[in-house]
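Enquirer: make a model of this:
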Amino acid sequence: MLVNLNDVLKDAQKNHYGVGLFNTTDTDMLEAAISAAEELRSPIVIGTAEVLLPHGELKLIAPSIIAAAKRASVPVVVHYDHGLTFDRCIEALKLGFSSIMFDGSAGDPAKNFENTREMVKIAHAMGVTVEGEIGHVGQADTGDNETSDQYTTPAEAVEFVRETGVDALAIAIGTAHGAYKSKPKLDIERLKEIRAALDTPLVLHGGSGLSDDDFRNTIREGIAKVNIFTDLCVAGNTAMEQGLKEGLAYLDIRNRKVELIKQTVMNKIRLFGSDGKY
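Expert: All right, here's what the predicted structure looks like:
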């Protein structure tokens, strides 16, 4: 069933578990994620991100994601992740996404407030939830998320939610997008301070590559949504390498890929504690 962030994150926050967002650029990844959630009776967030559109155009993949969400036997949020431009966010809204992330965190802070506020106004009029970001979740391969002066402060978080009206907030506490070159150092105390100051569901980006304890600690201290993508790509690569080495046909490799990605999603769902929540 197609739902929005409020339908799943409020319960996750109340009952101290995390809901995974799994970005999907094609129907192989989509099938893997949905079937994993259904098998484990877990709510799930499925989507794609603006930076991923060269690998799966929005107007091509969106109808498949939305149709799969509507026929799923568990709650599925269809989320447009890291929307960087108004035009693409509006396109996602028109295509039927139930949730939007408008991400102006890398630019001028005043513009981030202004543009996020406007996106909230538009999306809420359509019954769509909005995630925003304050602070800077960097890129693991460039090391641009290793200094604490880019981390979200409690005061920033409170002001941003108050001024924009976002339904969920992505915060920077030491994670980064992509594959980590070294073990990330998460500021759990910062997370606890933000959680104590704010009642809005919090989101952890850059989840791929964190340890199981990192996930358990961040969810225990208030993270309600965890974003995963790189780990799915790693599983897909592994399946293709295995298939080619074994001399499998294309369609058999495809099925191997779906199965390994599904197992990766199931492992995360269990780790986040959302299994059996529906």
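Enquirer: hey, let's count contacts and neighbours off CA atoms from now on
Expert: Noted.
Enquirer: these two touch, right, residue 1 and residue 74?
Expert: Yes: checked against CA atoms under 8 Å, the pair residue 1 and residue 74 is within contact range at 5.9 Å.
Enquirer: next secondary structure element downstream of the lowest-mean-pLDDT helix or strand in the chain?
Expert: Between all helices and strands in the chain, the lowest mean by mean pLDDT, DSSP states H and E belongs to strand 138-139, at a mean of 48. Past strand 138-139, further along toward the C-terminus, the next helix or strand under DSSP states H and E is helix 154-164.
Enquirer: same for that next one, what does it pack against?
Expert: Helices and strands in packing contact with helix 154-164 are listed as helix 109-125, strand 129-134, strand 168-171, helix 188-197; criterion 3 or more CA pairs under 8 Å, 6 or more residues apart in numbering; DSSP states H and E.
Enquirer: what does that helix rub up against?
Expert: Identification of contacts with helix 154-164 by CA atoms under 8 Å, 6 or more residues apart in numbering yields 113-114, 116-118, 120, 134, 169, 171, 190, 193-194, 197-198, 200.
Enquirer: buried subset of those?
Expert: Neighbour counting with 16 or more other CA atoms under 10 Å marks 113, 116-117, 120, 134, 169, 171, 190, 194, 198, 200 as buried within those.
Enquirer: pLDDT weak spots in this structure?
Expert: Confidence mapping of the chain against pLDDT under 70 gives the ranges 136-149, 177-184.
Enquirer: what sits up against stretch 1-18?
Expert: Contacts made with stretch 1-18 from outside it, assessed by CA under 8 Å, 6+ apart, are listed as 19, 43, 66, 69-78, 98-99, 128-129, 167-168, 201, 219-220, 222-226, 272-274.
Enquirer: now list the buried members of those.
Expert: A residue is treated as buried here by neighbour count (16+ other CA under 10 Å); on that basis the buried members of those are 19, 43, 66, 69-70, 72-78, 98-99, 128-129, 167-168, 201, 219-220, 222-226, 272-274.
Enquirer: do I have it right that residue 104 meets residue 131?
Expert: No: Residue 104 is not in contact with residue 131 according to CA under 8 Å; the separation is 11.0 Å.
Enquirer: looking at those two, which is more packed in?
Expert: When residue 104 is set against residue 131 and neighbours are counted by other CA atoms under 10 Å, the residue ahead is residue 131, at 28 against 24.
Enquirer: and the more buried one, what does it touch?
Expert: Applying CA under 8 Å, 6+ apart, we find residue 131 in contact with 99-102, 166-170.
Enquirer: any idea how far it is from residue 169?
Expert: Shown here: residue 131 relative to residue 169, a distance of 6 Å by CA to CA, to the nearest Å.
Enquirer: any shared contact partners between the two?
Expert: Contact criterion CA under 8 Å, 6+ apart; residues shared by residue 131 and residue 169: none found.
Enquirer: which strand or helix spans the residue nearest to residue 262 when sequence neighbours are not counted?
Expert: The shortest distance from residue 262 to any residue other than its chain neighbours is 4.3 Å, reached at residue 32 (CA to CA, 6 or more residues apart in numbering). Element membership for residue 32 (DSSP H and E) is helix 27-40.
Enquirer: and that helix, what other elements does it pack with?
Expert: In terms of contacts (3+ CA pairs under 8 Å, 6+ apart), helix 27-40 is packed against strand 44-49, helix 58-71, helix 250-272.
Enquirer: distance to residue 109 for these - can I get that in JSON lines?
Expert: Putting the helices and strands packed on helix 27-40 into JSON lines (distance: least, CA to CA, whole Å) gives the following:
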{"stretch": "strand 44-49", "distance to residue 109": "21"}
{"stretch": "helix 58-71", "distance to residue 109": "28"}
{"stretch": "helix 250-272", "distance to residue 109": "31"}
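Enquirer: out of the ones you listed, which is the most enclosed?
Expert: Burial of the helices and strands packed on helix 27-40 is given as mean neighbour count (mean count of other CA atoms under 10 Å); strand 44-49 ranks first at a mean of 26.
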